[in-house]
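Asker: Predicted structure and sequence below. I'll ask about it afterward.
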Amino acid sequence: MVLKMDMARRRVLLGLPWLVGLALTARHLWAAESPPDRARVLSILARRLFPHRAVSDRAYLAAAAALLEHVEKSAPLFAAIADGLRSLQQASPGDWTTASEQQQLADIRRIESSAFFAAAYQHLLTSIYRDPEVWRVIGYEGSSVEHGGYLERGFDDIDWLPKE
Amino acid sequence: MSKTFSLSDSSVVVVIGSGAGGGTLGHELARQGIDVVCLEAGPRQEASEFVNDAEEMTARLTWLDRRIGVGDTDANFPVFTCKTVGGTTVHWTATALRMQDHELRPQTTYGKIENTSLIDWPLSPEELAPYYDRAEDKMGVTGTHGIPRLPESNHYKVLKAGAKRVGYQHFNTGNMAINSEDRDGRPACRQIGFCMSGCVIAAKWSTLYTEIPRAEDTGHFELRPQAMAVRINHDADGRVAGVVYIDKDGVRREQKARAVCVAGNAIETARLLLNSKSDLFPSGLANRSDQVGRHYMRHVFAGVAAIMPGPVNFHRGTQQAGHVQDEADHRPERGFSGGYQIEILPFPPTSLARLVSPGGWGDDFAAIMEKYNHFASLLIQGEDFPQADNRILLHGEERDAYGLPLPVVRYRDHANNVALRRHGVAAARKIFQSLGAERIFTYPLKSATHNMGACRMSERPQDGVCDRWGRAHDIRNLYISDGSAFSSSSSANPTLTIVALAIRQAEHIAKEISAGRM
Ligand SMILES: Cc1cc2nc3c(=O)[nH]c(=O)nc-3n(C[C@H](O)[C@H](O)[C@H](O)COP(=O)(O)OP(=O)(O)OC[C@H]3O[C@@H](n4cnc5c(N)ncnc54)[C@H](O)[C@@H]3O)c2cc1C
Ligand code: SF4
């Protein structure tokens, strides 16, 4: 029932001009929801999307938290995320976060063309690939000016090129 | 020792924009004792405030006011420019190449090409050469005037090794407007690797900390940041007389002027003229022959990235200091006209993630990203031919925060582009393959970083907007001072030519003023 109401409200909302107090509406809608653990679902989603084995759960949880914070500010985005979370939750009996990895991947594939996926993907990607822990794993070194650049720190240290 | 001028002072030259074109022109005029008011839509931010964070700096520097793309371009973000004092020279990667002589005579060189509006430049290579010399000296371009080239980075060494293997002969760390040694009061590059985020130590030339403060030092120059020009007014005789702008407090003001020079980076230049309709110019200022906004060019771009057999760490070091020029000439036997440059171009992880496998995820995607430090990446940048219908237009209804109609950027690839791009991509792949690349990715670059034409120079008024000095054919005291004045794109990155033309234009304006003609 909650679901139906939300859908109807969302349609009205999306039909309305941008004048609507978006932030307020978003928070209002959010309160009407009670999914078990949004952050946890999104963090699992983030890990399945960008599965770096050596990266700790902290990075994925942080990405999920950043997305949730962002969602609070936009009703359309909120609606998409709420929808997506719901469909993930409903996909597997019980708690989606504890479903098998295979099951989770199959569920994600099923929603790949949804608005939820598109929005979550962009945000999670940005957070994950801006995370210093992820950088260490993939070999990006981030800000360098405070270390005097790479002039004396390996800008020309390549050693595997053919000698000729 | 910055000066301030009154709004009613009609002896000033108003320069719109403080980037490569406007910043240089303003300084060159002020240096000669001509009073200049420079209107700049963006805020003033100093290099010392910049941080090594690509996303944050993009957010701080970029022109984010909406523009609409139609055709073979990004619909929401058709062009990539900056809105800040210094313009896109804060952001640029500082490759400073001259156009080749034959590229200044494209119609003569390439002959008739279907569906293009090719013309030769109304000035000769010989006339431009001394201004290229001055621009290179001003900007401290490496590999010119005895200025040493930048040292070889890992990324460049990959390009060099591959280029050798495939038999190329012309490659080096580029002609860069980046100090390879302390020069002109600015330090040598420290291979920080964030040229595109604004060079914190100011080793890279930008008008922000060269032309603009120097212009201010002359006592003949006033910069007004956060001043968005919305209209150019003219007098009863059809000579421009003032510029209406919206200041930082949202107040509309008009600065009177002796002459007006527009350097808003092609899109905004054309848009401002189109927005300045009047009884005398019902379809926009200087648009009697319906040329404003037309013949808009960018470059033919493609990106090729590869996972190399060993670490490259392409994020370390000057971002674009690596060029191959063997494909830059005109050899129609390759199946297309004009040529292309091959330049290195690294990306931070977020950008690489979006480019090499758009929408990608899962194990394979993560495996690609875990090879981040093995990546090398090349940019193919070819000549783009003018087409009358590749143009900047005003949107019928949609308006921006200043109340101005949104610009529409209409751009379609020419068949020549498709053939050139195919050739360029194959060439880049060969370079990587010769070194045993593990995987190669090709990606489009849809948002234009180089904007040219749109108010082009032409011998005849019916072919373009301005003459060989950048002076509007229709209006004697209105000048085009940015890449929109280009008659053709060439394969070279545009900024050195913009700066050379601005130096030349300043000389011309000074002569007009001292001869009492303006
Ligand atoms: C990522 C990137 C990398 C690049 N790398 C290179 C490179 O390696 N080599 C090269 O040659 N070029 C490069 N370029 C392109 C180069 O930055 C531009 O060619 C050059 O800056 C254009 O100079 P301009 O004066 O026309 O415009 P800009 O430098 O963009 O300056 C225009 C200024 O005008 C202001 N403005 C616009 N409209 C108005 C208005 N109505 N009122 C007031 N102010 C206004 C803008 O805010 C802006 O500050 C690069 C560009 C990008 C985006
Ligand atoms: S690499 Fe050189 S030019 Fe680029 S940001 Fe660093 S110091 Fe500046």
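Answerer: Sure thing, it's come through. Because the structure is predicted, anything quoted here is derived from the model rather than measured. Numbers count the residues shown, from 1 in each chain, chains lettered A, B, ... in the order given. Ligands and ions are numbered 1, 2, ... in the order given.

Asker: Residue 157: what secondary structure?
Answerer: Reading this off chain A. coil (DSSP: H, G, I helix; E, B strand; the rest coil).

Asker: Could you do A:Pro51 as well?
Answerer: Per three-state DSSP, the secondary structure class of A:Pro51 is coil.

Asker: Tell me, how many residues neighbour residue 63?
Answerer: Using chain A here. By other CB atoms under 10 Å in any protein chain shown, the residues close to A:Ala63 number 29. Using the backbone N, CA and C atoms, a C-beta is placed for each residue, glycine as well.

Asker: actually it's chain B I care about, not the one you picked
Answerer: B:Trp63 has 21 nearby residues by other CB under 10 Å.

Asker: Contact partners for it?
Answerer: By CB atoms under 8 Å, 6 or more residues apart in numbering or on different chains, B:Trp63 lies in contact with B:Gly42, B:Thr81, B:Cys82, B:Lys83.

Asker: same deal with B:Leu394?
Answerer: B:Arg271, B:Leu274, B:Asn275, B:Pro405, B:Leu406, B:Pro407, B:Val408.

Asker: can I assume the second one sits in a helix?
Answerer: Yes: applying three-state DSSP, one finds B:Leu274 inside a helix.

Asker: and of the contacts of B:Trp63, the nearest to chain A?
Answerer: B:Cys82 (19.9 Å; CB to the nearest CB).

Asker: How much space separates the closest one from ligand 1?
Answerer: Between B:Cys82 and ligand 1 the distance is 5 Å, computed by CB to the nearest ligand atom, to the nearest Å.

Asker: surely that residue meets B:Arg60?
Answerer: No: with contact defined as CB atoms under 8 Å, B:Cys82 does not reach B:Arg60; the gap is 9.4 Å.

Asker: More neighbours: which of these two?
Answerer: Set B:Cys82 next to B:Arg60 and count neighbours by other CB under 10 Å: B:Cys82 wins out with 23 against 20.

Asker: so what's the more buried one scoring on pLDDT?
Answerer: pLDDT for B:Cys82: 97.

Asker: give me every residue that touches it.
Answerer: Counted by CB under 8 Å, 6+ apart, B:Cys82 has contacts B:Gly19, B:Gly42, B:Leu61, B:Thr62, B:Trp63, B:Thr88, B:Val90, B:His91.

Asker: got it, and A:Ala59?
Answerer: A:Ala59 neighbours (CB under 8 Å, 6+ apart): A:Ile128, A:Asp131, A:Glu133, A:Val134.

Asker: Tell me the one among the residues you listed nearest to chain B.
Answerer: For the contacts of A:Ala59, the nearest to chain B is A:Val134 (7.5 Å; CB to the nearest CB).

Asker: Give the buried residues for the helix or strand hosting the closest one.
Answerer: Per DSSP states H and E, A:Val134 falls inside helix A:132-138. Buried residues in helix A:132-138, counting neighbours by 16 or more other CB atoms under 10 Å in any protein chain shown, are found at A:Val134, A:Trp135, A:Val137, A:Ile138.

Asker: anything in that helix near chain B?
Answerer: Yes: for helix A:132-138, a contact with chain B is found by CB under 8 Å from any CB of the partner chain, at A:Val134, A:Trp135, A:Val137, A:Ile138.

Asker: A:His52 is in contact with the first one, correct?
Answerer: Which is A:Val134. Yes: contact criterion CB under 8 Å: A:Val134 and A:His52 qualify, at 6.2 Å.

Asker: Report the set of residues contacting both of these two.
Answerer: Common neighbours of A:Val134 and A:His52 (CB under 8 Å, 6+ apart) are A:Ile128.

Asker: ok, now which ones touch residue 104?
Answerer: All of this refers to chain A. Neighbour list for A:Gln104: A:Ile44, A:Arg48, A:Ser92, A:Trp96 [criterion: CB under 8 Å, 6+ apart].

Asker: my bad, the chain I had in mind was chain B
Answerer: B:Asp120, B:Trp121, B:Leu123, B:Ser124, B:Pro125, B:Leu128, B:Ser487, B:Ser488, B:Ser490.

Asker: ok, so of these, who is nearest chain A?
Answerer: Closest approach between the contacts of B:Leu104 and chain A, by CB to the nearest CB: B:Ser490, at 30.4 Å.

Asker: and that closest one, what element?
Answerer: Assigned by DSSP H and E, B:Ser490 falls outside every helix and strand.

Asker: In the chain, where is pLDDT below threshold?
Answerer: Answering for chain A, as no chain was given. A:1-36, A:164 (pLDDT under 70).

Asker: my bad, the chain I had in mind was chain B
Answerer: B:1.

Asker: in it, which residue is closest to the centre?
Answerer: What sits nearest the mean C-alpha location of chain B, by CA atoms, centre = their mean, is B:His450, with 4.4 Å.

Asker: which among the residues of helix A:132-138 next to chain B gets closest to B:Ile503?
Answerer: Ranked by distance to B:Ile503 (CB to CB), the residues of helix A:132-138 next to chain B are led by A:Trp135 at 42.6 Å.

Asker: My read is that the closest one contacts A:Ser143, right?
Answerer: No: using CB under 8 Å, A:Trp135 makes no contact with A:Ser143, being 10.3 Å away.

Asker: gap between the residue of chain A at minimum distance from ligand 2 and B:Arg316?
Answerer: In chain A, the residue that lies nearest ligand 2 is A:Gly149 (5.8 Å; CB to the nearest ligand atom). Using CB to CB, to the nearest Å, A:Gly149 is found at 8 Å from B:Arg316.

Asker: Show me the helices in chain A, by range?
Answerer: For chain A, the helices defined by DSSP state H cover A:2-15, A:22-31, A:38-49, A:57-71, A:75-91, A:101-110, A:115-128, A:132-138.
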